[in-house]
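Asker: Kindly return the folded structure for what I paste below:
(chains A and B)
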Amino acid sequence: MHIPDSFLPPRVCLLGYALTGLGTWYSLHRIRLETNPTEQIPKASLLTAGFFVASLIHIPLPPSSIHLVFNGLMGIMLGYYAFPAILIGLFFQAVMFQHGGLTTLGVNGVIMGFPALFAYYFFRFGQRFTQDKSPWWQSFFVFLAGGGALAISALIFTLVILSFIPADFDVQTEQTIALIALIGYGIQAVIEGIFTVMFITFIQRVKPELLNNRNLRQDKQRNEAINQS
Amino acid sequence: MKKWHYLLLSLTLVYLGAINKTWAHGVRLQYKLQQAIQIHAIYDDGQPMQEAQVIVYAPNDPTTPWLTGTTNQEGKFIFTPDLSQEGNWDVTVRQAGHGNMVSIPLVKADDADSTPIVASESSNMAYTPLQKALMAIMGVWGFVGTALFFSRRKTDS
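Answerer: The predicted model follows:
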C-alpha cells in the first residue's frame, strides 16, 4: 500500500504533502494541549518501531502475500500521536528499504495516517456507545476500528493509483489488477481487525492505563477552563 | 503453338514480372549477435512480478515510450536497446500500483569504433535477509532509545 516514486504526477505529490502537513500540524496542536505531552512519547516510539518492522514481515496469502500495516491499532493506542508516528515510520521505510517513495511520502501519509485517526475516533465513540453493553460489543467496535482503518487505507490507495495511471500504461489492465488486489486487502482488513481485537483485549486486561482513556470532551472542557483563567 | 498461346504466355510473364512478391518465395535467414538487457522484477518478498507492464524510455526522448511489453511468468523482460543512443535507458515496471523504475546507462567504450556497452553489467538492489534484519534492528533500537529517553526518571536539579 506504499506508492513508490515516479508513480504520481508532481501536483498530486504536492497535494499529499499539503494534506499530510495539515494533519501533522493538527495532531501536534492537539498533543500540545495535553497536560504532559511527552508522557505518551515512549509508547508512541515503541509502536512506531512495530509499524516500521511490520512491513518487513510477509504473510503468505495465495496467490501472493501481504504485510500487516496496523495503522488502526496505532490510532486506537496513540490517538493524535498516531499521525506523526506513522509519518516517521513511513519515512524510515522509504529511506532504508525503498518501501514507498520520498516524493510520495505525503500521499502515503494521507493513505495511512488519516484512517488511523478515524480508528481513534471510532474507538472512542465505541467506548461511549458500549459503556453499559456486553464486552462483545466493545470487541466488535474495536474490530471495526482496526479493520476499518486498513479498509479505508486500501480504498484511498486504490482510488489514487487508478485516478493517476500514466497514459503510457494499459489502463484497463491496471484497473483490473487493482480491483482484484482490493479483494486481498479486504481479507487483510479482517485479519488486522481480529489481531487488533486480540491485542486491545489483552491490554485492557493487563494494563488498561496504556489505552488512550482520556475523553475528548473532558480534554476540551479542561482546555477551555485553562484559556479562560 | 497458335499465336494466341504466345500472346497469353507473354502477358502472363509480364504480369508475373510486375509483381515483386513472386520473387519472395525463397527465404533467407540471417542471425547476428546482439547485446540485450534483461529486466528481472520481483517483489520484496521474493515473488516474481508476473505479467507486469513494462515501459522502456530511450535517452533521446525520456517522455515517449520507446518499447512496451509485459514480464513473463518469472518476472523477466528482455529487450535490445538501440546501441546508437547513448545515455540512460529508463525502464519502468508497474502492477496494481506497485513497481519501480531503473536507469540503465549505455556508454561508448574507450575505443570509438567499438560497440556501446552497458556501464554496469547488473544492478542488484535487493538486500539479503541478514542485511534487512540488521537494518531493522538498528531502526528499532533507535525507537527504543527514544522511548527510554523520554521515560527516564525526572531528577531534581
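Asker: and chain A, which of its residues are near chain B?
Answerer: Residues of chain A lying close to chain B by C-beta under 8 Å from any C-beta of the partner chain are A:3-7, A:38, A:41-43, A:45-46, A:48-49, A:52-53, A:56, A:58, A:64-65, A:67, A:92, A:96-99, A:157-158, A:160-161, A:168-170, A:173-174, A:177-178, A:180-181. Backbone N, C-alpha and C define where each C-beta goes, glycine included.
Asker: Apply the buried test to those residues and list what passes.
Answerer: With burial judged by 16 or more other C-beta atoms under 10 Å in any protein chain shown, the buried subset of these is A:3-7, A:41-43, A:45-46, A:48-49, A:52-53, A:56, A:58, A:65, A:67, A:92, A:96-99, A:157-158, A:160-161, A:169, A:173-174, A:177-178, A:181.
Asker: which stretches of chain A form strands?
Answerer: Here chain A has its strands, by DSSP state E, at A:58-61, A:64-67.
Asker: ugh, wrong one, chain B
Answerer: B:37-40, B:53-58, B:61-70, B:76-79, B:87-95, B:98-107, B:117-118.
Asker: Please say whether there is contact between the first one and chain A.
Answerer: The one in question is strand B:37-40. No: Strand B:37-40 stays out of contact with chain A when judged by C-beta under 8 Å from any C-beta, the minimum separation being 15.5 Å.
Asker: buried set for that strand?
Answerer: Within strand B:37-40, the residues that qualify as buried are B:37, B:39-40, counting by 16+ other C-beta under 10 Å.
Asker: Same question for the third one.
Answerer: The neighbour-count criterion (16+ other C-beta under 10 Å) identifies B:65-67 as the buried residues of strand B:61-70.
Asker: what about stretch A:126-140, start to end distance?
Answerer: Taking C-alpha to C-alpha, to the nearest Å, stretch A:126-140 runs 9 Å from one end to the other.
Asker: Other residues contacting it?
Answerer: A:141-142, A:144-145, A:197, A:201 (C-beta atoms under 8 Å, 6 or more residues apart in numbering or on different chains).
Asker: what do you get for stretch B:53-65?
Answerer: With C-beta under 8 Å, 6+ apart as the test, stretch B:53-65 has contacts from A:168-170, A:173-174, B:39, B:41, B:66-71, B:77, B:79, B:81-82, B:85-95, B:106.
Asker: mind listing which of the residues of chain A next to chain B are in helices?
Answerer: For the residues of chain A next to chain B, the ones inside helices are A:41-43, A:45-46, A:48-49, A:52-53, A:92, A:96-97, A:157-158, A:160-161, A:173-174, A:177-178, A:180-181, with DSSP state H as the criterion.
Asker: closest one to A:Tyr17 among the strands of chain B?
Answerer: Nearest of the strands of chain B to A:Tyr17, taken as C-beta to C-beta: strand B:98-107 at 20.5 Å.
Asker: how about the CA coordinates for that closest one, as CSV?
Answerer: Once non-C-alpha atoms are left out, strand B:98-107 reads as follows in CSV (Å, rounded to 0.1, in the frame of the first residue of the first chain):
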residue,chain,number,x,y,z
HIS,B,98,3.4,-1.4,-7.1
GLY,B,99,6.6,-1.2,-9.1
ASN,B,100,9.8,0.7,-9.6
MET,B,101,12.0,2.4,-12.2
VAL,B,102,15.6,1.6,-13.1
SER,B,103,18.0,3.6,-15.1
ILE,B,104,20.5,1.7,-17.3
PRO,B,105,23.5,3.6,-18.5
LEU,B,106,24.6,2.9,-22.0
VAL,B,107,28.0,4.3,-22.9
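Asker: Skip the chain neighbours and tell me the closest residue to A:Met1.
Answerer: Spatial nearest neighbour of A:Met1, chain neighbours left out: A:Phe157 (4.9 Å); criterion: C-beta to C-beta, 6 or more residues apart in numbering or on different chains.
Asker: and the contacts of stretch A:126-140, which are buried?
Answerer: With neighbours counted by 16+ other C-beta under 10 Å, these contain buried members at A:141-142, A:144-145, A:197.
Asker: Export the buried residues of strand B:61-70 to JSON lines and append columns for distance to A:Ile86 and pLDDT.
Answerer: Shown next, in JSON lines, are those (distance: C-beta to C-beta, whole Å; pLDDT from 0 to 100):
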{"residue": "B:Pro65", "distance to A:Ile86": "35", "pLDDT": "88"}
{"residue": "B:Trp66", "distance to A:Ile86": "39", "pLDDT": "90"}
{"residue": "B:Leu67", "distance to A:Ile86": "39", "pLDDT": "90"}
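Asker: With respect to B:Thr146, which of the residues you listed is nearest?
Answerer: Of all the buried residues of strand B:61-70, B:Thr146 sits closest to B:Pro65, with 45.7 Å by C-beta to C-beta.
Asker: ok, what's across the strand from that closest one?
Answerer: B:Tyr57 (DSSP bridges).
Asker: which residue packs closest to B:Asn100, ignoring adjacent ones?
Answerer: A:Pro4 (5.8 Å).
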